[in-house]
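Novice: Next comes the sequence, and after it the predicted model I'd like to discuss.
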Amino acid sequence: MSRIDVLREQEVAAYFQSLGINQGPGDIQYRLIVLVLASNEGGVTQFSDIRTYTDRIADRGSVASKLKTVFLLDGLAERVQRGGYVVTDKGLAAARFIQESGKFYKRSTKIAAIIERMP
Amino acid sequence: MGGFSGFGGLILNATICAAITLSALAFAWTLHTQDPDPKSKNAPSLKALIAFWVVVAIAFLITFVRVTAAFFGYPDLDVLCYYLAAVPLGFLPVPLVFFIVYVATGDKRSAWTMSLLFTVFGTMYLLFLLPSEIVGPDVTYWATTITSESDFALTIYLSALFIVPTAMIIALLGSILARKPSKRSQYRVALTLVAISLVFDFILVDAVAIDCVMQVAARIFVLISVVLAFLAYHPPERLQERLRIQEIAGCEVDD
């Protein structure tokens, strides 16, 4: 599983929240869960794998609730065993969108910094 | 004084040089009066930009004296001013490179390093230029031209001092515009960088011009570019409305 930088994801989520986007790209729990699921494509993601990243920013109950009410309900992941999930094609599309949002954040902050340095 | 009527173009040339000097100084002064917070991120780039316009003004002030000396028939002063003007022209890319590198990276150390490199190039240019043989001054109706015999000086001048900074300006402009900032930012950034680039390139054309009319034409374009740079920071109301870049400020209203 590739490493996910929780601090950076928090930064990106905070940026989108500052734009008034509180769901999806602006939701740190959503970002981390979808990225963990996508990084484990082709295998079963254990709830403990997700908690490795989410424990620093959210309690277990809210992460489990997010998995159930967003990921399972919208078909982004399927539950295949007790505490085990696989990402679906929709989930992978969501993960790609979240990765793109990270690139958008990088581009936007870079240009904002350049403009700020222009006299 | 009777012979002066044969060099009326020199008066125009000197007037253009004086106009460039005054407008570059005035622009540097308006930038200076912006008076940003010294801790703000644009303070170093603002200082570099002011330094750039001051160096342009100094170079053209010396050139003004040179053309005036040619008009009054003092070839020794003409040659002396040619060498004196080479000093600010040789170091003109130094503040410019600092400005570009700092704006692009935000790293002062990289900006200083690149400036130091261009200071070395400028010094090398002067070291090759000053002891070299010169041809001229050749005073014509429009201009006074002096040509250096040093190929090394010309090569350093063209390749290191001018082509590299121009490429850096174009790269910075492209990278900013590709990321689509606000219209107002696009206008200011594009016009500032294009104006700097034009000033820089026409100074190059001026320096290597063999044809005297080309020298005057290059100086007219330098003057136009200084005005463009001024417009980047102080766009007229009509232009702001047309380009929809005006700052709209208002007081809060209760619902």
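Specialist: Right, received. Where do you want to start?

Novice: quick one: B:Pro38 and A:Val36, what's the gap?
Specialist: Using Cβ to Cβ, to the nearest Å, we find B:Pro38 at a distance of 45 Å from A:Val36. Glycine gets a C-beta too; all of them are placed from N, C-alpha and C.

Novice: Get me the contact residues on chain A for chain B.
Specialist: Chain A has residues A:Arg107, A:Ser108, A:Lys110, A:Ile111, A:Ala112, A:Ala113, A:Ile114, A:Ile115, A:Glu116, A:Arg117, A:Met118, A:Pro119 near chain B, with proximity defined as Cβ under 8 Å from any Cβ of the partner chain.

Novice: Look up which helix or strand the fifth one falls in, please.
Specialist: By that I understand A:Ala112. Assigned by DSSP states H and E, A:Ala112 falls within helix A:89-117.

Novice: more neighbours, B:Pro38 and A:Val36?
Specialist: A:Val36 (23 against 8; other Cβ atoms under 10 Å in any protein chain shown).

Novice: what's the more buried one sitting at in phi/psi?
Specialist: phi -70, psi -40 (degrees, to the nearest 10).

Novice: which residues touch whichever residue of chain A sits closest to chain B?
Specialist: Residue of chain A nearest chain B, by Cβ to the nearest Cβ: A:Pro119 (3.6 Å). By Cβ atoms under 8 Å, 6 or more residues apart in numbering or on different chains, the contact list for A:Pro119 reads B:Leu31, B:Gln34, B:Pro36, B:Asn42, B:Ser45, B:Leu46, B:Leu49.

Novice: Quick check: nearest residue in space to it, chain neighbours excluded?
Specialist: Spatial nearest neighbour of A:Pro119, excluding adjacent residues (Cβ to Cβ, 6 or more residues apart in numbering or on different chains): B:Leu46 at 3.6 Å.

Novice: And what about residue 119, helix, strand or coil?
Specialist: Since you didn't name a chain, this refers to chain A. Following DSSP: H, G, I helix; E, B strand; the rest coil, we place A:Pro119 in the coil state.

Novice: List the buried residues for the helix or strand hosting B:Ala86?
Specialist: B:Ala86 is part of helix B:75-91 when elements are defined by DSSP H and E. The neighbour-count check on helix B:75-91 (16 or more other Cβ atoms under 10 Å in any protein chain shown) flags B:77-79, B:81-91 as buried.

Novice: confidence score at B:Ala26?
Specialist: Looking at B:Ala26, its pLDDT is 91.

Novice: got the angle for whichever strand or helix holds the residue nearest to A:Pro119 vs helix A:89-117?
Specialist: Following DSSP H and E, one finds B:Leu46 within helix B:43-71. Using axes from the mean of the first three to the mean of the last three Cα atoms, to 10 degrees, the direction of helix B:43-71 lies 50 degrees away from that of helix A:89-117.

Novice: Show the average pLDDT along helix B:43-71.
Specialist: 91.

Novice: next one: stretch B:86-105
Specialist: If you average the pLDDT values across stretch B:86-105, you get 91.

Novice: Sort out which residues of it are buried, please.
Specialist: B:86-104.

Novice: cool, and stretch B:39-56?
Specialist: Residues B:41-56 are the ones in stretch B:39-56 that count as buried (16+ other Cβ under 10 Å).

Novice: how far does that stretch sit from the chain's center?
Specialist: From the chain centre to the centre of stretch B:39-56 is a distance of 13 Å (Cα atoms, centre = their mean, to the nearest Å).

Novice: what's next to it, contact-wise?
Specialist: Outside of stretch B:39-56, the residues within contact range by Cβ under 8 Å, 6+ apart are A:113, A:116-119, B:20, B:24-25, B:27-28, B:31-32, B:34, B:36-37, B:88, B:91-92, B:95-96, B:98-99, B:102-103, B:106, B:108, B:111, B:196, B:199, B:203, B:222, B:226, B:229.

Novice: so of those residues, which ones are in strands?
Specialist: Using DSSP state E, no member of the contacts of stretch B:39-56 falls in strands.

Novice: Okay, and which of these map to helices?
Specialist: A:113, A:116-117, B:20, B:24-25, B:27-28, B:31-32, B:88, B:91, B:95-96, B:98-99, B:102-103, B:108, B:111, B:196, B:199, B:203, B:222, B:226, B:229 (DSSP state H).
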